[in-house]
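In: sequence unknown, structure follows:
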């Protein structure tokens, strides 16, 4: 039976007065639409069901477990990739982090924070070391400070985000973003994760020389590698299973395609793509000779909270923190918006259950990432794969968290599924998320242009935060200059101004350094 639409008070619709946004309390969970045509209103079966609202959200324990497994399989690469990014760069003092220690700490932090998120926020989102921030640290930060000092900046960034979440500032900014932009964020994330899948699978590559287009199909315009063909096979298999609404279709497709990849590798003995363009792009799918490894947690606690301020000066260190906060803050907010919509958990105003709890726990992920030298841990857009499998509650996050903790001891098993297979699932889920585009009125150009810029900027700049920034700035300018100033919340001007500074932070940092 379809229930009446929850009242604004129950839903948490944004109040008319801005001051009320900052004192908003955590609302009770109303019946939620699950993406079907009706709202589920069934008595919980047991305490677990009641705690996670499994039945109320139209899910089952089996779906949550499957969804959690799919999410983990899709994002398990971070346990391998994070050590490659952080461990491959020496800091200003000539010190490099140990890759094995980073791997152990990455699994530990991701596991603990994802479990906490599942228990407290009770949403099917998984956390791990954010790829954007870890790359920023390795490329732009540790050339100026030590690794311990860089991780201290990450901790400060996390503390600020926790304060923004706990005081309601982050919630207020979330409400200030107009609904068309929230829908555009979801669509943009869909394109973004599909593009990630295409790139990681080798279906899309950079062109070799100058003068050509920035990207191309495969190698020199052709599909030449077996791993990319396996990606395409996975795309077709998972697509057919999802189209036929087979329960567990994404997980079944991942397992089936991984078996094909194992057979192909056993026969062809392919190497990594950095040695052979036709090889695997990250992990080589082979059955491990041993299953168990002993993790080394020596990096836990190796951070210097204020050392960077003494080394590079207060202004330069503050600019580094500003960059971390802006990227972390808006990237995570946009990701959670898109995931909640994709899961059918978002209300009409774009909010979702336990919003403030989600913001606060995500902020603690940044703090934990700095304290364990794994970089800021944030909500992963790859969680969309588990949502596509049917995950709707924090129980799926618990499954992901437990698997991350196990991965510390079972690292060889995380290498079995190649990224080409996981990439196929990401493209499928990206296609699912495109459906939100129907909520954007493209007939109104004052809405259409900011939404369009939000959508295309995310994949083209490889950044969710950049897409949000371009959308907010263009929304404010276009609506005000076209006589629609009332459509721009006063907080949007602060956000737009902050993003304008964020986009020119390079020249600003150069000026400050002189």
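Out: All right, it came through fine. In this text the structure is predicted, and so the values were computed from the model without any measurement.

In: what about the stretch 351-500 of the chain, any weak spots by pLDDT?
Out: 414 (pLDDT under 70).

In: what's the nearest residue to residue 428 if we skip its chain neighbours?
Out: residue 238 (5.1 Å; C-beta to C-beta, 6 or more residues apart in numbering). Backbone N, C-alpha and C define where each C-beta goes, glycine included.

In: distance of the one you found from residue 385?
Out: Distance of residue 238 to residue 385, given as C-beta to C-beta, to the nearest Å: 10 Å.

In: who's more crowded, those two?
Out: residue 385 (32 against 27; other C-beta atoms under 10 Å).

In: Test my guess that the more buried one contacts residue 71.
Out: Yes - shown here, residue 385 and residue 71 form a contact pair, counting by C-beta atoms under 8 Å, at 5.7 Å.

In: Need the overlap of contacts for these two.
Out: Listed contacts common to residue 385 and residue 71 are nil; contacts here mean C-beta atoms under 8 Å, 6 or more residues apart in numbering.

In: returning to that earlier point: got any residues that touch both of residue 238 and residue 385?
Out: 250, 425, 428.

In: re earlier: residue contacts, the residue nearest to residue 428?
Out: 249, 250, 253, 254, 257, 424, 425, 428.

In: how far away is the last one from residue 85?
Out: Distance of residue 428 to residue 85, computed by C-beta to C-beta: 26 Å.

In: Which one's more surrounded, these two?
Out: It is residue 428, of residue 428 and residue 85, that has more neighbours when counted by other C-beta under 10 Å, with 25 against 19.

In: Was I right to think the more buried one contacts residue 239?
Out: Yes - using C-beta under 8 Å, residue 428 is in contact with residue 239, at 5.9 Å.

In: one step back: from the shared contacts of residue 238 and residue 385, which is closest to residue 335?
Out: Proximity of these to residue 335 (C-beta to C-beta) peaks at residue 425, which lies at 16.8 Å.

In: What strand or helix carries the closest one?
Out: helix 419-433 (DSSP states H and E).

In: now residue 227
Out: Counting by DSSP H and E, the element that carries residue 227 is helix 226-243.

In: got it, and residue 65?
Out: In this structure, residue 65 sits in helix 61-75 according to DSSP H and E.

In: Tell me the first helix or strand C-terminal of that helix.
Out: Scanning onward from helix 61-75 (DSSP H and E), the first element met is helix 78-87.

In: quick one: secondary structure of residue 128?
Out: Under DSSP: H, G, I helix; E, B strand; the rest coil, the three-state class of residue 128 is strand.

In: Tell me how many other residues crowd it.
Out: Residues lying near residue 128 (other C-beta under 10 Å) number 32.

In: for it, what are its contacts?
Out: By C-beta under 8 Å, 6+ apart, the neighbours of residue 128 are 75, 78, 82, 106, 109, 110, 114, 377, 378, 380, 404.

In: try residue 129
Out: Residues near residue 129 by C-beta under 8 Å, 6+ apart: 78, 82, 106, 109, 110, 369, 374, 375, 376, 377.

In: any chance you could map the helices in the stretch 101-250 of the chain?
Out: Taking DSSP state H, counting those that start in this stretch as the criterion, the stretch 101-250 of the chain contains helices spanning 131-136, 147-167, 169-176, 179-200, 226-243, 249-268.

In: distance of the spatially closest residue to residue 352 that is not a sequence neighbour from residue 387?
Out: Counting by C-beta to C-beta, 6+ apart, residue 340 is the residue found nearest to residue 352 once chain neighbours are left out, at 3.7 Å. In this view, residue 340 and residue 387 are 9 Å apart by C-beta to C-beta.

In: Quick check on those two: which one has the bigger neighbour count.
Out: In terms of neighbours (other C-beta under 10 Å), residue 387 is the more surrounded of residue 340 and residue 387; the figures are 29 against 24.

In: Can you show me the strands along the chain?
Out: 127-129, 204-206, 215-217, 377-379 (DSSP state E).
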